[in-house]
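Colleague: please work out how this folds:
(one chain, ligands or ions: 2)
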Amino acid sequence: MTNPKSKIRQARFASEAHPSDTLLCTTEEKTASDGQNLPPNPKSVAILGAGAWGTALANLAAANGHRVGLWSRRGSQPLETILEDADIILSAISMKGVADVVEQIKYAPISPETIFVTATKGLDPQTTCTPSQVWQTAFPDHAVVVLSGPNLSQEIELKLPAATVVASDVTAAAELVQLVFSSHRFRVYTNPDRLGVELGGTLKNVIAIASGVCDGLHLGTNAKAALVTRGLTEMVRIGNIWGAKTGTFYGLSGLGDLLATCNSPLSRNYQVGYQLASGQTLTEILANLSGTAEGVNTCQVLVQIAQQKNIVIPITEQVYRLLQGEVTPRQALDELMLRDMKPEYND
Ligand SMILES: NC(=O)C1=CN([C@@H]2O[C@H](COP(=O)(O)OP(=O)(O)OC[C@H]3O[C@@H](n4cnc5c(N)ncnc54)[C@H](OP(=O)(O)O)[C@@H]3O)[C@@H](O)[C@H]2O)C=CC1
Ligand SMILES: O=C(CO)COP(=O)(O)O
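Modeller: Numbers count the residues shown, from 1 in each chain. Ligands and ions are numbered 1, 2, ... in the order given. As a prediction, this is how the structure comes out:
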């Protein structure tokens, strides 16, 4: 039975065009299959980056009845058109493009009320800044929210249930973003530790590469459990130096995302590790990878930071050496297993 009150107008992305060419495109009267009523105050959401994650997030907001514009540098919609009157500007640009895009919109007329949301999981190789730091530096007077969690986009596109975190020191901004994306199939939590949430999603990518190696070498469940647990210890260690809260790493954006990406062949980072273990070179793997594996660059940045700050991150270091072709997967494993004996916790 169709309840007229439960109808929403949903933006539908036409399959024949580039996804970003469908800004506020064909709308259709549709039963609220997601259980959401048309929001009393629909928001205008500009999503930058029409890759896997940007498209999935655009679909989530559109399914909740919000006005969604999806921008890609390859689409025909000018950036300024997408940004016009946006209540929320969400970036799902891969790390290598964030600085470029920020530069393009730095001087655009954007309302002081507009909230920036970043969903990128990477680190800037030049400055070692997180994406939210890059956005906040360019837009110091705006609220910046991080969206991060165990969110494999392909599962979300299949409408499987998932949860995520939106983090900001501006509580009202995080709550608004929570409202825009929440549905019965996408549960959104708020968190005040923006940096911790962002680093959880970013640092786990390196451990996901290591997990792919572990599975590719068929090392078993005990080894995988040890790797992921010690990986989390490394993430906490790096996060603490940065100023993130320890507890955040035990939440959805840390442990949660580790569990997802370290166990799923859908994860591009995991795929990189798995294929390295089966003897392919990094160049071959990246040439055939669909989408972005941020862990490759993040690993380089982390090794640089670890050297500067004298942080011990053995798993990350071995992943780095493996990516550089300095060790084989088996040698990396031996290096980790034969490290000096020590107590489990010494920091
Ligand atoms: N896919 C997933 O499951 C999830 C991904 N993420 C994170 O989201 C980010 C994007 O991932 P994903 O969507 O999968 O990656 P994709 O490779 O599918 O998409 C990356 C997007 O960034 C755009 N981009 C890259 N460089 C530039 C640039 N210089 N100027 C403008 N646009 C640029 C790409 O544009 P173009 O197509 O024109 O190259 C594309 O739209 C990553 O940081 C990832 O870690 C987070 C959670 C889940
Ligand atoms: O971050 C992700 C899921 O939360 C996506 O992981 P990959 O980038 O490894 O595919």
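
Colleague: which residues does the residue lying closest to L266 once chain neighbours are set aside contact?
Modeller: In space, and not counting its chain neighbours, L266 is closest to L152: 4.6 Å by Cβ to Cβ, 6 or more residues apart in numbering. (Each C-beta comes from the backbone N, C-alpha and C, glycine too.) L152 makes contacts with 260-261, 264, 266-267, as judged by Cβ atoms under 8 Å, 6 or more residues apart in numbering.

Colleague: now L152. Its backbone dihedrals?
Modeller: Per-residue torsions, L152: phi -70, psi 120 (degrees, to the nearest 10).

Colleague: from ligand 2, how far off is it?
Modeller: 5 Å (Cβ to the nearest ligand atom, to the nearest Å).

Colleague: pretty sure A208 sits against V296.
Modeller: No. Using Cβ atoms under 8 Å, A208 is not in contact with V296, being 11.0 Å away.

Colleague: and the contacts of L152, which of them are in helices?
Modeller: The helices, defined by DSSP state H, take in 260-261 from those.

Colleague: next, count neighbours for R330.
Modeller: Residues near R330, counting by other Cβ atoms under 10 Å, number 11.

Colleague: tell me the contacts of it?
Modeller: By Cβ under 8 Å, 6+ apart, the neighbours of R330 are L217.

Colleague: is it in a helix, a strand, or coil?
Modeller: helix (DSSP: H, G, I helix; E, B strand; the rest coil).

Colleague: likewise the one 10 residues further on?
Modeller: What three-state DSSP gives for D340 is coil.

Colleague: residues near it, how many?
Modeller: If you count neighbours by other Cβ under 10 Å, D340 ends up with 4.

Colleague: got the contact list for G239?
Modeller: 195-196, 199-200, 203, 245-246, 248-249.

Colleague: how about a cut-off of 10 Å?
Modeller: 193, 195-196, 198-200, 202-203, 245-246, 248-249, 254 (Cβ atoms under 10 Å, 6 or more residues apart in numbering).

Colleague: and for A208 and V296, which residues touch both?
Modeller: 268-269, 272, 319.

Colleague: now for those, which pair is the farthest apart?
Modeller: The distance between the two most remote of those (Cβ to Cβ) is 14.5 Å, for R268 and V319.

Colleague: all helices of this structure, in order?
Modeller: 52-63, 79-83, 95-105, 131-138, 153-157, 171-181, 194-216, 221-242, 257-263, 268-277, 282-288, 295-309, 314-323, 329-337.

Colleague: out of those helices, deepest packed?
Modeller: Ranked by mean neighbour count, the helices of the chain are led by helix 194-216 with a mean of 28 (mean count of other Cβ atoms under 10 Å).

Colleague: relative to helix 314-323, how tilted is that one?
Modeller: Angle of helix 194-216 versus helix 314-323, following axes from the mean of the first three to the mean of the last three Cα atoms, to 10 degrees, is 60 degrees.

Colleague: is ligand 2 within reach of helix 194-216?
Modeller: Yes. Judged by Cβ under 6 Å from any ligand atom, helix 194-216 and ligand 2 are in contact via 201, 205, 208.

Colleague: T281 reaches T328, doesn't it?
Modeller: No. With contact defined as Cβ atoms under 10 Å, T281 does not count as touching T328 (11.7 Å).

Colleague: same drill for these two, tell me which one is more crowded.
Modeller: Set T281 next to T328 and count neighbours by other Cβ under 10 Å: T328 wins out with 14 against 11.

Colleague: look up the closest residue to that one, ignoring the ones flanking it.
Modeller: Nearest to T328 is L322, by Cβ to Cβ, 6+ apart, at 7.7 Å.

Colleague: hmm, that neighbour is touching L336, no?
Modeller: No. Under the criterion of Cβ under 10 Å, L322 is not in contact with L336, lying 11.0 Å apart.

Colleague: any shared contact partners between those two?
Modeller: A210.

Colleague: distance of the spatially most central residue of the chain from S91?
Modeller: Taking Cα atoms, centre = their mean as the criterion, K121 is the residue nearest the geometric centre of the chain, at 4.0 Å. Per Cβ to Cβ, to the nearest Å, K121 is found 12 Å from S91.

Colleague: mind listing the shared neighbours of the two?
Modeller: With Cβ under 10 Å, 6+ apart, K121 and S91 have common neighbours P131.

Colleague: verify the stated contact: V165 with G149.
Modeller: Yes. With contacts counted by Cβ under 10 Å, V165 reaches G149, the gap being 5.1 Å.

Colleague: what about V117, neighbour count?
Modeller: The tally of other residues near V117 (other Cβ under 10 Å) stands at 29.

Colleague: need the contact list for the residue lying closest to it once chain neighbours are set aside.
Modeller: Using Cβ to Cβ, 6+ apart and skipping the chain neighbours, the partner closest in space to V117 is L90 (4.1 Å). Going by Cβ under 10 Å, 6+ apart, L90 touches 45-49, 53-54, 57-58, 61, 68, 70, 115-119, 145, 147, 177, 180-181.

Colleague: repeat the analysis, applying 8 Å as the threshold.
Modeller: Contacts of L90 by Cβ under 8 Å, 6+ apart are 45-48, 54, 57, 116-119, 147.
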